[in-house]
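Engineer: Output the structure for:
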Amino acid sequence: MPEDKYKEVQNLASFDGLSVSAFMRKAVLEQVEDVQDYADGMKILEEENERVSREDVLKEVLSD
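Structural biologist: Reported below is the predicted structural model:
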């Protein structure tokens, strides 16, 4: 990792009150969770569910 980027990570870790390794572990685990959430969402979308257009959603949400 370039020294300037490592310094950025150190500063962010320090700001969060974490060691660099704890900060990196937390960041990696958050990324893994985000990727898993995305995969789960895509799986749900690919199932045979009714599709609703954006316009229909907006009509439903914005109507009184």
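Engineer: State the helix or strand in which the residue sitting nearest the centre point of the chain lies.
Structural biologist: Using CA atoms, centre = their mean, the residue of the chain that lies closest to the mean C-alpha position is residue 34, 4.0 Å off. For residue 34, the host element (DSSP states H and E) is helix 20-46.
Engineer: Could you do residue 14 as well?
Structural biologist: Applying DSSP H and E, one finds residue 14 within helix 3-15.
Engineer: Rounded mean pLDDT for that helix, please.
Structural biologist: Per-region confidence: helix 3-15 scores 97 on mean pLDDT.
Engineer: what's the angle between that helix and helix 20-46?
Structural biologist: Taking axes from the mean of the first three to the mean of the last three CA atoms, to 10 degrees, one finds that helix 3-15 is oriented at 90 degrees with respect to helix 20-46.
Engineer: So for helix 3-15, what gets flagged as buried?
Structural biologist: Of the residues in helix 3-15, those buried by neighbour count under the rule 16 or more other CB atoms under 10 Å are residue 13. All C-beta atoms are positioned from the backbone trio N, CA, C, and that covers glycine.
Engineer: Tell me which other helices or strands the helix holding residue 34 touches.
Structural biologist: With contacts defined as 3 or more CB pairs under 8 Å, 6 or more residues apart in numbering; DSSP states H and E, helix 20-46 has these neighbours: helix 3-15.
Engineer: what's next to the helix it packs on, contact-wise?
Structural biologist: 1, 19, 20, 22, 23, 24 (CB atoms under 8 Å, 6 or more residues apart in numbering).
Engineer: and the gap between the second one and residue 57?
Structural biologist: Spatial separation of residue 19 from residue 57 under the definition CB to CB, to the nearest Å is 44 Å.
Engineer: The last one too?
Structural biologist: Taking CB to CB as the measure, residue 24 and residue 57 are separated by 39 Å.
Engineer: higher neighbour count, those two?
Structural biologist: In this comparison of residue 24 against residue 57, neighbours counted by other CB atoms under 10 Å, the higher total goes to residue 24 at 14 against 10.
Engineer: Since that was my last question, I'll sign off now.
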